[in-house]
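1. how does the following fold in three dimensions:
(one chain, ligands or ions: 3)
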Amino acid sequence: MDTVFTSFYPYSHSRNSLPSTSPSTNDFPSHTSLSFAKFVFTKQSSLRGPFNSHSIKVRASEDGLIPPTDPQNEDFILEDVPHLTSFLPDLPMYTNPLKKTQAYAIVKQTFVSPEDVVAHKVVVQKESARGVHFRRAGPREKVFFKSEEVRACIVTCGGLCPGINTVIREIVCGLNNMYGVEEILGIQGGYRGFYSKNTVQLTPKSVNDIHKRGGTFLQTSRGGHDTNKIVDNIQDRGINQVYIIGGDGTQKGAAAIYKEVERRGIKVAVAGIPKTIDNDIVVIDKSFGFDTAVEEAQRAINAAHVEVESVENGVGIVKLMGRYSGFIAMHATLASRDVDCCLIPESPFYLEGQGGLFEFVEQRLKENGHMVIVLAEGAGQEYVAQSFHASAEIDASGNRLLLDVGLWLTQKIKDHFTNVRKMAINMKYIDPTYMIRAIPSNASDNIYCTLLAHSAIHGAMAGYTGFTVGPVNSRHAYIPISRVTETTNIVKLTDRMWARLLASTNQPSFLGCEAVQERFANKMDDDFHNLKITSI
Ligand SMILES: Nc1ncnc2c1ncn2[C@@H]1O[C@H](COP(=O)(O)OP(=O)(O)O)[C@@H](O)[C@H]1O
Ligand SMILES: O=P(O)(O)OC[C@H]1O[C@](O)(COP(=O)(O)O)[C@@H](O)[C@@H]1O
Ligand SMILES: [Mg+2]
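-> Numbering: from 1, shown residues only. Ligands and ions are numbered 1, 2, ... in the order given. Okay, here's the model as predicted:
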């Protein structure tokens with residue numbers, strides 16, 4: 001049975017100011033039981049027209065998936081983020097102080113229009129469905145927190161990534177400079193820091209220089225997520241805004257915190273900022289630190305190239321990060337012109353026989369006298385496991401620990417050419433993985449980190465919660481956390497980007513072999529991620 005909300009917003013686009021009274025229960029859709037809410041606007045709504053109380057109806061079914069009732073507009077979907085009013089309907093909202101700040105004083109349109117949404121897909125055809133949209137990020141006219149009541153905290157979890165310190169810095173400076181917030185706590189050592197460590201007070205002064213350093217000023221950890229202990233601690237400390245910087249695992253933890261906060265009915269906004277050097281988070285255009293990593297990888301590739309072209313039959317192998325997603329390897333290969341072959345977890349390969357890697361290496365050595373292979377750390381894990389008879393180990397967060405495919409491949413190539421082909425080759429194996437992720441972010445990533453921090457602040461101040469921020473087609477949006485944790489972003493071999501790489505390196509696609517074809521067909525399944533984990 002559908003629930004029909006009479007309006008999404010109680011005010012019209014043409015009004016300059018919003019009601020200063022408490023929002024009614026209809027101001028924001030109630031979807032407490034949903035992992036994320038999908039709303040389909042009915043007939044009167046339009047992307048062009050104002051979203052006012054008369055022009056919009058929002059329909060939601062109990063399971064959050066809306067059965068279309070209007071054939072003409074059934075395909076406009078807003079995957080909305082929760083708002084604190086959904087479980088705290090009687091609390092007041094306040095005028096946003098941003099307009100009074102020096103920075104925003106003369107901005108023409110300080111506040112994001114409540115109707116603004118960001119389209120998930122921008123390449124469409126005339127007859128395309130209008131598709132999925134996300135709420136546009138940015139400052140709102142009304143905020144849910146008075147500046148003086150805000151007690152924010154920041155935590156960083158999971159592996160390192162260039163730019164974490166910039167995000168921390170910009171959350172602290174942004175909260176302080178834009179909203180006058182003074183109470184900002186740093187939770188040290190990841191999730192477990194909530195209940196096992198003291199906090200550190202963060203001020204614009206104390207974080208002023210941290211963006212110049214790699215790593216995380218607050219330290220990080222894997223494992224240790226205990227939802228109840230964390231939320232108890234949030235309550236005990238009187239924290240009401242939680243900024244969580246981390247990857248897919250961290251965002252799952254953030255979703256659990258948000259749900260517990262909602263269950264307890266406490267006034268706490270939970271904002272996730274996606275961090276992943278692997279670029280394995282879906283929906284967002286790319287993750288911060290990724291560009292920096294690709295740039296730094298060029299130095300390693302260049303070193304490998306210099307080494308191997310200076311000797312006879314030089315074969316260089318550069319291992320880059322990428323547990324399940326080969327984006328760094330793919331982009332680093334495309335950026336460099338020195339890579340002969342790129343191997344990623346998503347693309348099966350094989351060594352022996354026609355069309356195999358050994359044949360290709362020999363061909364390039366004959367043509368050029370040297371060659372460079374770029375390898376994502378998650379590539380070929382099943383072969384390595386077979387060779388090493390290794391059993392699967394996991395880290396404290398439950399992530400599968402990878403075997404060293406770089407060492408394995410180096411040995412395999414050496415053995416093949418020495419023992420089978422009776423050819424002398426010069427192998428150079430470079431593993432710059434930790435060096436790449438431990439550096440500070442570059443200029444463009446620094447700007448990106450600033451935008452993420454500001455979007456998160458504006459969202460939390462406005463009362464949104466359970467969201468992740470990030471650019472969708474270059475416009476920053478609030479995305480339901482569960483939306484970014486339900487699948488993993490991987491390189492799609494059927495997309496043109498991988499074809500561009502193959503066209504650039506002219507490497508084999510390795511799809512000639514029957515066994516590989518079978519695996520490739522399996523990998524095309526929606527369940528690719530699970531399949532990959534179990535097959536390692
Ligand atoms: N499914 C989950 N539910 C709750 N917390 C999780 C979950 N998966 C991971 N975490 C927590 O998130 C943190 C970071 O996770 P991890 O996978 O190590 O890194 P990342 O977030 O970078 O992917 C850890 O503290 C871990 O306990
Ligand atoms: O050795 P650590 O610190 O566990 O990190 C290794 C892993 O971290 C990663 O950088 C990804 O980390 P996250 O899951 O934290 O984003 C992988 O590329 C790599 O396999
Ligand atoms: Mg992860």
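
2. can you report how many residues lie near the closest residue to ligand 3 within the stretch 401-536 of the chain?
-> The minimum distance from the stretch 401-536 of the chain to ligand 3, using CB to the ion, falls at T488 (8.7 Å). In short, each C-beta sits where N, CA and C put it, glycine included. For T488, the neighbour count with other CB atoms under 10 Å is 20.

3. quick one: residues contacting it.
-> Taking CB atoms under 8 Å, 6 or more residues apart in numbering, we find T488 in contact with D248, D280, I281, V282, Y324, S325, H529.

4. dump those residues to a markdown table, plus secondary structure, neighbour count and distance to ligand 2.
-> Formatted as a markdown table, the contacts of T488 follow (DSSP: H, G, I helix; E, B strand; the rest coil; neighbours: other CB atoms under 10 Å; distance: CB to the nearest ligand atom, whole Å):
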| residue | secondary structure | neighbour count | distance to ligand 2 |
| --- | --- | --- | --- |
| D248 | helix | 25 | 6 |
| D280 | coil | 22 | 7 |
| I281 | strand | 24 | 9 |
| V282 | coil | 16 | 14 |
| Y324 | coil | 26 | 9 |
| S325 | coil | 24 | 9 |
| H529 | helix | 18 | 13 |
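
5. so which of the residues you listed is the closest to ligand 1?
-> Nearest to ligand 1 among the contacts of T488, counting by CB to the nearest ligand atom, is D248 at 4.5 Å.

6. was I right about that closest one contacting T276?
-> Yes - D248 is in contact with T276 according to CB atoms under 8 Å; the separation is 6.8 Å.

7. what's the spacing between the residue nearest the centre of the chain and T465?
-> By CA atoms, centre = their mean, the mean C-alpha position of the chain lies nearest to I281, the distance being 3.6 Å. For I281, the distance to T465 equals 19 Å [CB to CB, to the nearest Å].

8. same thing with A303?
-> From A303 to T465 the distance is 46 Å (CB to CB).

9. what about the two, which has more around it?
-> Set A303 next to T465 and count neighbours by other CB under 10 Å: T465 wins out with 27 against 15.

10. next up, the contacts around that one.
-> Taking CB under 8 Å, 6+ apart, one finds V81, P82, H83, L84, Y258, V261, E262, V268, A269, V270, A271 in contact with T465.

11. got the phi and psi for it?
-> phi -150, psi 170 (degrees, to the nearest 10).

12. can you tell me how far it sits from I284?
-> With CB to CB as the criterion, T465 and I284 are 19 Å apart.

13. tell me which stretches of the stretch 151-300 of the chain form strands.
-> 151-156, 183-187, 199-201, 241-246, 269-274 (DSSP state E, counting those that start in this stretch).

14. of all those, which lies closest to ligand 2?
-> Going by CB to the nearest ligand atom, the one of the strands of the stretch 151-300 of the chain nearest ligand 2 is strand 241-246, 7.1 Å.

15. quickly check: the closest one near ligand 2 or not.
-> No - Strand 241-246 stays clear of ligand 2 (CB under 6 Å from any ligand atom), getting no nearer than 7.1 Å.

16. got the CA positions of that strand in CSV?
-> Presented in CSV, the C-alpha positions along strand 241-246 are these (Å, rounded to 0.1, in the frame of the first residue of the first chain):
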residue,chain,number,x,y,z
GLN,A,241,27.6,16.0,14.5
VAL,A,242,29.8,13.1,13.4
TYR,A,243,32.0,13.4,10.4
ILE,A,244,33.3,10.0,9.3
ILE,A,245,36.1,9.8,6.7
GLY,A,246,36.7,6.3,5.3
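
17. show the secondary-structure elements that that strand is packed against.
-> Under the contact criterion of 3 or more CB pairs under 8 Å, 6 or more residues apart in numbering; DSSP states H and E, strand 241-246 touches strand 151-156, helix 164-179, helix 248-264, strand 269-274, helix 443-462.

18. which non-adjacent residue is nearest G356?
-> The shortest distance from G356 to any non-neighbouring residue, by CB to CB, 6 or more residues apart in numbering, is to Y350 (5.0 Å).

19. so that neighbour sits in a strand?
-> No - secondary structure of Y350 (DSSP: H, G, I helix; E, B strand; the rest coil): coil, not part of a strand.

20. wouldn't it be in contact with F510 here?
-> Yes - contact criterion CB under 8 Å: Y350 and F510 qualify, at 6.1 Å.

21. buried sites along stretch 392-403?
-> Across stretch 392-403, burial judged by 16 or more other CB atoms under 10 Å covers S397, N399, R400, L402, L403.

22. could you do stretch 217-228 as well?
-> F217, L218, T220, S221, R222, G223, G224, H225, D226, T227.

23. quick check: end-to-end length of it?
-> 25 Å (CA to CA, to the nearest Å).

24. pull the distance from stretch 335-349 to the chain's centre.
-> 23 Å (CA atoms, centre = their mean, to the nearest Å).

25. and that stretch with ligand 2, contact?
-> No - judged by CB under 6 Å from any ligand atom, stretch 335-349 and ligand 2 are separated, with a smallest distance of 10.5 Å.

26. average pLDDT for that stretch?
-> For stretch 335-349, mean pLDDT rounds to 96.

27. span of it from start to end?
-> In stretch 335-349, first residue to last residue: 22 Å (CA to CA).

28. can you list the buried residues in that stretch?
-> In stretch 335-349, counting by 16+ other CB under 10 Å, buried: 336, 338-349.

29. next, format these as TSV and append secondary structure and distance to E182.
-> Listed next are these as TSV, based on DSSP: H, G, I helix; E, B strand; the rest coil; distance: CB to CB, whole Å:
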residue	secondary structure	distance to E182
S336	coil	47
D338	coil	51
V339	coil	50
D340	coil	56
C341	strand	54
C342	strand	49
L343	strand	51
I344	coil	46
P345	coil	46
E346	coil	47
S347	coil	51
P348	coil	55
F349	coil	55
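
30. now, the most widely separated pair of those?
-> D338 and P348 (24.2 Å; CB to CB).

31. which regions of the protein lie under the pLDDT threshold?
-> For the chain, the stretches with pLDDT under 70 are 1-73, 512-536.

32. would you mind listing what in it touches ligand 3?
-> The chain has residues G247, D248, G249 near ligand 3, with proximity defined as CB under 5 Å from the ion.

33. what is the nearest of the residues you listed to H120?
-> Closest to H120, out of all of the residues of the chain next to ligand 3 and judged by CB to CB, is D248, at 18.8 Å.

34. OK, contacts around the closest one?
-> By CB under 8 Å, 6+ apart, the contact set of D248 is T276, D280, I281, V484, T485, T488.

35. now the helices for the stretch 401-536 of the chain?
-> 405-415, 433-437, 443-462, 481-485, 496-505, 514-523, 528-535 (DSSP state H, counting those that start in this stretch).

36. now for the longest one, which elements pack on it?
-> When you say that, I think you mean helix 443-462. strand 142-143, helix 164-179, strand 241-246, strand 269-274, helix 290-309, strand 467-472, strand 475-480.

37. now that helix: buried residues?
-> 445-446, 448-462.

38. count the residues that sit near the closest residue to Y195 other than its chain neighbours.
-> The shortest distance from Y195 to any non-neighbouring residue, by CB to CB, 6+ apart, is to K229 (4.3 Å). The number of residues packed near K229 is 15, by other CB under 10 Å.

39. got it, and A499?
-> Other residues close to A499 by other CB under 10 Å number 12.

40. how close does the closest residue to L407 other than its chain neighbours sit to ligand 1?
-> Leaving aside its sequence neighbours, L407 sits nearest to Y429 (CB to CB, 6+ apart; 6.9 Å). Taking CB to the nearest ligand atom, to the nearest Å as the measure, Y429 falls 26 Å from ligand 1.
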